[in-house]
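K.L.:
The following block contains a protein sequence and its predicted model.
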Amino acid sequence: MKIRIPQKYRRLTKILIWSVTFIILLQVAYFIFSYFETKRIEKELAEQVEVVKPEPVMLFNIAIDSFTVVPGQIRSGQNLSDLLATQGISMTRIDEISKKTTSVFDVRKMKVKNPYYFFMSKKEPSKVEYFIYEINPVDYVVYQMGDSLRIYKEKKPMITQIKTASGVINSSLWNAMTEQAISPVLAMDLYEIYQWTIDFFGIQKGDKFRVVYEENFVYGKSVGIGRIFAAQFVHSKEDFYAFRFTQNNEDSYFDQKGKSLKTAFLKAPLVYNRISSSFSNSRFHPVLKIRRPHHGVDYAAPTGTPVVSIGDGTVIAKAFQARGGGNYLKIKHNSAYTTSYMHLSKFGAGIANGVRVKQGQVIGYVGSTGLSSGPHLDYRVFLNGTPIDPLKMKAPPTDPIAQKNMNDFNLQRDSMMVKLQEIERF
């Protein structure tokens, strides 16, 4: 039996089919349009994007793409003229360079083993475009060999890092540093800070240190120690603190109470191997073979070891005693203190009676002149004319933190004390 669909429903069915077909066609058209529009936009964007060129390789702020770089090191006896002549530069040009460089760099100060570089043109391989000499790990001088000669100094980019270090001493401060791959220069800097308060040649096994400091780097390589901000040194179970502070436009170091670490006198006048004889009222003399007073300290050290003045003063005696102190000096430091230095091999440059000397100035060199059994320094201290034991002398400190600066110092000290305490414990 056939079902007869009314005419009006057949019309509605056709309309529905056409509607669905139309919607599908619209969706297909939209998809095709979207696809090609996306491709068009991508193409336009691709055309608009700049081609990123690789960064040029730089050396001494010069792009080296166009050059052949020929490195070298200064050899003994070489000078600027020799180096330039090896590259075929004429004597007339060398003379011009030598005259022009005097206002920028003293070529007589070129050091053996310091690096240099020739930048040779790739188009003309025998043509020198630049000559560069490294003065030190940071500073260098550039000779631009164009038609118009240009000579100038530059610096490599330097990065400064705040670092910390600590350690326990088994033999020496120097060894304690090197054992931990810490720059041994830091040991010398600590010596400079504490030289008035600690005898570093009398430090003991078990002494300890902590320090907060700067280290400078060029291209990731250390080029030296910068400022030391704070340090703690434990010597003979006693704490010695040092805090850097600027007062009266001068940087100096003070203890935790604001007292200066710098005193009127150094702890010792030289770098010595050992104390061969101490202060005594009855010492057996190694040459005379008798007992008599020895009112000084004998520091055993190699002949030629520099001897320095322990403080500012005036030379009041410079003489020679064949059966006594040999070459000797006396220095008056103030109304109370005088020091003497005996058995010197020779005197320092410019040392004469009446000459003013500064603390740390070289005044002579260790020897064995006079009545002596071997090279050493016989060092004596007089207080108001009376000899005293140099090893027990407590010299007065220089100016402490001024009252007006005390609050600033306390804030800085407390901040650094926290940093010291954060360092790995001893």
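P.N.:
That came in fine, so what should we check first?
K.L.:
a strand runs through residue 338, doesn't it?
P.N.:
Yes: looking at residue 338 with DSSP: H, G, I helix; E, B strand; the rest coil, it is inside a strand.
K.L.:
how about the closest residue to it other than its chain neighbours, phi and psi?
P.N.:
In this structure, residue 338 finds its nearest non-sequential neighbour in residue 382, 4.4 Å apart by CB to CB, 6 or more residues apart in numbering. Backbone N, C-alpha and C define where each C-beta goes, glycine included. Dihedral pair for residue 382: phi -120, psi 130, per degrees, to the nearest 10.
K.L.:
Near residue 382, how many other residues are there?
P.N.:
For residue 382, the count of nearby residues is 18 (other CB atoms under 10 Å).
K.L.:
so what does the top strand by length along the chain touch, helix or strand wise?
P.N.:
Secondary structure of the chain per DSSP state E: the longest strand is strand 221-235. If contacts are counted by 3 or more CB pairs under 8 Å, 6 or more residues apart in numbering; DSSP states H and E, strand 221-235 sits against strand 158-168, helix 185-194, strand 208-218, strand 238-247, helix 406-422.
K.L.:
ok, now with 7 Å
P.N.:
When contacts are defined as 3 or more CB pairs under 7 Å, 6 or more residues apart in numbering; DSSP states H and E, strand 221-235 packs onto helix 185-194, strand 208-218, strand 238-247, helix 406-422.
K.L.:
Would you single out the least confident of those?
P.N.:
Mean pLDDT is lowest for helix 185-194 among those, at a mean of 88.
K.L.:
Pull out the buried residues from that helix.
P.N.:
Neighbour counts over helix 185-194 (16 or more other CB atoms under 10 Å) mark 186, 187, 189, 190, 193, 194 as buried.
K.L.:
Same check on stretch 315-333?
P.N.:
Buried residues in stretch 315-333 (16+ other CB under 10 Å): 315, 318, 325, 326, 327, 328, 329, 330, 331, 333.
K.L.:
Just the pLDDT at the last one, thanks.
P.N.:
According to the model's per-residue confidence, residue 333 sits at a pLDDT of 88.
K.L.:
do the one 5 residues further on as well
P.N.:
We note a pLDDT of 92 for residue 338 in this prediction.
K.L.:
pLDDT weak spots in the protein?
P.N.:
1-13, 20, 22, 33, 45-54, 201, 280-293, 396-397, 425-426 (pLDDT under 70).
K.L.:
now the end-to-end length of stretch 182-198.
P.N.:
21 Å (CA to CA, to the nearest Å).
K.L.:
My error: substitute stretch 390-409 in the last question.
P.N.:
33 Å.
K.L.:
Buried residues of that stretch, list them for me.
P.N.:
390, 395, 397, 400, 401, 405, 409.
K.L.:
just stretch 194-211 next, same as before
P.N.:
Neighbour counts over stretch 194-211 (16+ other CB under 10 Å) mark 194-198, 200-201, 203, 207-211 as buried.
K.L.:
and these, which two are the farthest apart?
P.N.:
For those, the farthest-apart pair by CB to CB is 201 and 210; their separation is 21.3 Å.
K.L.:
Could you list the alpha-carbon positions for stretch 312-329 in PDB?
P.N.:
Extracted in PDB, the C-alpha atoms of stretch 312-329 (Å, rounded to 0.1, in the frame of the first residue of the first chain):
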ATOM      1  CA  ASP A 312     106.900  57.500  60.600                       C
ATOM      2  CA  GLY A 313     110.000  59.200  62.000                       C
ATOM      3  CA  THR A 314     113.300  60.900  61.500                       C
ATOM      4  CA  VAL A 315     116.700  59.200  61.000                       C
ATOM      5  CA  ILE A 316     118.900  60.300  63.900                       C
ATOM      6  CA  ALA A 317     121.800  57.900  63.300                       C
ATOM      7  CA  LYS A 318     123.300  56.200  60.300                       C
ATOM      8  CA  ALA A 319     126.700  54.700  61.000                       C
ATOM      9  CA  PHE A 320     128.900  51.600  61.000                       C
ATOM     10  CA  GLN A 321     130.400  49.700  64.100                       C
ATOM     11  CA  ALA A 322     133.000  47.000  63.200                       C
ATOM     12  CA  ARG A 323     132.800  45.400  66.600                       C
ATOM     13  CA  GLY A 324     129.100  46.100  67.200                       C
ATOM     14  CA  GLY A 325     126.000  46.600  65.200                       C
ATOM     15  CA  GLY A 326     127.800  46.900  61.800                       C
ATOM     16  CA  ASN A 327     125.700  49.100  59.500                       C
ATOM     17  CA  TYR A 328     122.900  50.400  61.700                       C
ATOM     18  CA  LEU A 329     120.200  53.000  61.800                       C
END
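K.L.:
what residues does it touch?
P.N.:
Residues outside stretch 312-329 that contact it (CB atoms under 7 Å, 6 or more residues apart in numbering): 330-333, 340-344, 346-347, 351-359, 363-364, 367, 369-372, 378.
K.L.:
Could you do stretch 180-200 as well?
P.N.:
Applying CB under 7 Å, 6+ apart, the set of residues contacting stretch 180-200 is 165, 167, 173-174, 177-178, 209, 211, 213, 222, 224-225, 228, 231, 233, 235, 240, 242, 253, 261-263, 266-268.
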